[in-house]
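Participant: Dropping a prediction and its sequence here:
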Amino acid sequence: MSLPKLPDCLLAELNESGVLTLTLNRPDALNAFDDELSFALHEGLKFAEKDKAVRAILLTGAGRGFCAGQDLKSRSIQAGSDAQVHLGESIRKRYAPIINKLSAIEKPVLAAVNGVAAGAGASIAFACDIRLCVPEAKFIQAFVKVGLIPDSGACWLLPRLIGYGRAMVLAMSGDPMTAEQAFAWGAVNKIVEADSLQSEAQALAVQLANGPTKALGLMKRAFQYGTAVSLESFLNYEADLQEIAGRTSDYQAGVQAFSEKRAPVFSGK
């Protein structure tokens, strides 16, 4: 499959290693989401999920920010008007599909957070499997300052990353989480200087793309299932997943390479 035709607000590039880089491209608005960008990102992720040439996904932002969340200027109905603003409908149609897709894609998804990640932008970073960020990055959940709750999955994702107490303080105060806090609390995996962020993120994405991506996808299933069930139920599910993994070509390639004392070459099959 060739890359899908996407609007200019989302850049897509697929390299020879199978890493699909999706770049949010509204730098003048800190890559804040309008309707076009949210639907384009969902389309880009659907392509990444289906196309066998894509073995890993790297999500980042153009310019000095990762994503400032919802672009309030793009709303056709502003708060204070006589008409009702249906925020729940906006979440269901625009943001929930993105968060669900990031979670469901059985391929590794990395975020290279190159600046501020606020609101839905922070949630999208939290929904990725691995996060790298620059020292200047901030993760902001300021919904409380306008009388709302953190959305786009933040109230589910953030406690699982940093713990209930820390997540609740951030949500109730609206204070930003700095890069240093995010790393210390486990919300990001590494802090990287700005001039090295993209190269390090690409190198890690290539490493994962060259791995047994079928097994990596099954790992995502296992980790997500394990957060909501008993150990006994999980062990049964784990056995089913391992049975699937054991029937892959990658497993056979890995065992053969181990016996021959060489590095394996995985195909993702």
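Facilitator: Thanks, I have it.
Participant: who's in contact with residue 19?
Facilitator: Taking CB atoms under 8 Å, 6 or more residues apart in numbering, we find residue 19 in contact with 54, 55, 56, 57, 58, 202, 205, 206, 209. Just so you know, the C-beta spots here come from the backbone N, C-alpha and C atoms, and that holds for glycine as well.
Participant: What distance do you get for it to residue 13?
Facilitator: Separation of residue 19 from residue 13 (CB to CB, to the nearest Å): 9 Å.
Participant: Closest to residue 127 out of the contacts of residue 19?
Facilitator: Closest approach to residue 127 among the contacts of residue 19 (CB to CB): residue 57, at 11.6 Å.
Participant: average pLDDT for the one helix or strand the closest one maps to?
Facilitator: Taking DSSP states H and E as the definition, residue 57 sits inside strand 56-61. Averaged over strand 56-61, pLDDT sits at 98.
Participant: can you give me the offset of it from its chain's centre?
Facilitator: 8 Å (CA atoms, centre = their mean, to the nearest Å).
Participant: Could you check the pLDDT of residue 8?
Facilitator: Residue 8 carries a pLDDT value of 96.
Participant: so who does the residue nearest the centre of the chain touch?
Facilitator: In the chain, the C-alpha nearest the mean C-alpha coordinate belongs to residue 128, at 2.4 Å (CA atoms, centre = their mean). With contact taken as CB under 8 Å, 6+ apart, residue 128 is in contact with 59, 102, 109, 110, 111.
Participant: try 6 Å this time
Facilitator: By CB atoms under 6 Å, 6 or more residues apart in numbering, the residues touching residue 128 are 109, 111.
Participant: quick one on the thing from earlier: which strands and helices sit next to the helix or strand that the strand holding residue 57 is followed by?
Facilitator: The helix or strand immediately downstream of strand 56-61 is strand 65-67, counting by DSSP H and E. Packed against strand 65-67 by the contact rule (3 or more CB pairs under 6 Å, 6 or more residues apart in numbering; DSSP states H and E) you find strand 116-118.
Participant: could you redo the last one with a cut-off of 10 Å?
Facilitator: strand 19-24, strand 56-61, strand 109-113, strand 116-118, helix 120-127, strand 138-140 (3 or more CB pairs under 10 Å, 6 or more residues apart in numbering; DSSP states H and E).
Participant: Can you tell me the SS state at residue 7?
Facilitator: With DSSP: H, G, I helix; E, B strand; the rest coil as the basis, residue 7 sits in coil.
Participant: Correction: the previous question concerned residue 202.
Facilitator: helix.
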